[in-house]
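**Q** here is my input; please provide its structure:
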Amino acid sequence: MNRTAQLLIAWCGPAMVILFVIGSVWLARYFPPAIHPSDSAEQVARYYQDHSTAIRWGLVFSTVAYALMGVWGVCVAVQTRRKEGVFPVLTYVQLTCMAAGTAQIVVNCGLWATAAFRAGEVSPEITQAFNDAAYIILLGTWPPFTIWAIAVGLNVLLDKSGHPVFPRWTGYFSIWAGVGFIPGGTVWFFKSGPFGWTGVVCLWVPFVVFGAWVLYFSYLAMRNVRSGFVHEQQLAAGS
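**A** Below you'll find the predicted structure:
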């Protein structure tokens, strides 16, 4: 039962990516953004008014995707927990930051949905403000995600048993992934160029790095579980 449950939550990583593509890329067109930070309030309001139904359906898929992100985080934490000892501090850090990050981007979807809810009925500046707030939360509040990835990396690198849960180099990969989320913070300061929410630095670097991080650690967790590495005793027996 434990093995099956761990495989199911590991698959939540790829499922999250698929639902995100359906919701945010295909339907709502938030990635890449159809709305630019330099667009006028009237342009933003018109986009929401013209695409209100597609945006709201897209946000349904996106919200489910982000909820699965929280579930997926558990599969990595469960794997690293096997080797951390009696007081799994870094595992707790992972779970806390995963929960905080999930909560903030679900709120981000709620702000986009609010912008679409009365588009054309309220002042364009109100719609623009909700849209701005959503992008600022999505990209600008990177610390929980960065700390989460660094905690995963430290879990791997601080394991001196000779049989780390994941390959040792993935510890460095996870830490650098956390660093790769930081450029999203430039969304607070720029309305155009590579540092705005449509830019390479602000948008594409964090999202591509995050996607690669999720998919690769999903693969590693599945490989461990299929090999029977479900709890510490099994890992020790198979070493």
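**Q** now the helices for this structure?
**A** For the chain, the helices defined by DSSP state H occupy 2-10, 12-20, 41-50, 52-81, 89-117, 124-140, 143-157, 168-181, 205-226, 232-238.
**Q** out of those, which gets nearest to Phe31?
**A** With CB to CB, the closest approach to Phe31 among the helices of the chain belongs to helix 205-226: 6.8 Å. For every residue, glycine as well, the C-beta is placed using N, CA and C.
**Q** what's next to the closest one, contact-wise?
**A** 3, 6-7, 10-11, 13-14, 16-17, 31, 69, 72, 75-76, 79, 139, 142, 145, 149, 152, 165-167, 170, 173-174, 177, 180-184, 230 (CB atoms under 8 Å, 6 or more residues apart in numbering).
**Q** narrow these to just the buried residues.
**A** Among those, those scoring as buried are 6, 10-11, 13-14, 16-17, 31, 69, 72, 75-76, 79, 139, 142, 145, 149, 152, 165-166, 170, 173-174, 177, 180-181, 183-184, 230 (criterion: 16 or more other CB atoms under 10 Å).
**Q** about what we covered before: winner for burial among the helices of the chain?
**A** Mean neighbour count (mean count of other CB atoms under 10 Å) peaks for helix 143-157 among the helices of the chain, with a mean of 23.
**Q** any idea how far the closest residue to Phe20 other than its chain neighbours lies from Val209?
**A** Distances taken as CB to CB, 6 or more residues apart in numbering place Ala65 nearest to Phe20, at 4.3 Å, with adjacent residues excluded. To Val209, Ala65 is 17 Å away according to CB to CB, to the nearest Å.
**Q** ramachandran angles for Phe189?
**A** Main-chain torsions, Phe189, degrees, to the nearest 10: phi -120, psi -20.
**Q** once you drop chain neighbours, what's closest to it?
**A** Phe195 (6.9 Å).
**Q** still on that earlier bit, mind listing what the residue nearest to Phe20 touches?
**A** Going by CB under 8 Å, 6+ apart, Ala65 touches Ala15, Met16, Val17, Ile18, Leu19, Phe20, Gly23, Ser24.
**Q** same thing but at 6 Å, please
**A** With contact taken as CB atoms under 6 Å, 6 or more residues apart in numbering, Ala65 is in contact with Met16, Leu19, Phe20.
**Q** confidence score at the second one?
**A** The score at Leu19 is 98. That number is its pLDDT.
**Q** quick check: it touching Val60?
**A** No: look at Leu19 against Val60 with CB atoms under 6 Å: they stay out of range, at 9.5 Å.
**Q** what's the distance between the closest residue to Leu154 other than its chain neighbours and Ile150?
**A** The spatial neighbour of Leu154 that comes closest, neighbours along the chain excluded (CB to CB, 6+ apart), is Leu90 at 5.6 Å. Distance of Leu90 to Ile150, computed by CB to CB: 9 Å.
**Q** what sits in contact with each of these two?
**A** Counting by CB under 6 Å, 6+ apart, nothing touches both Leu90 and Ile150.
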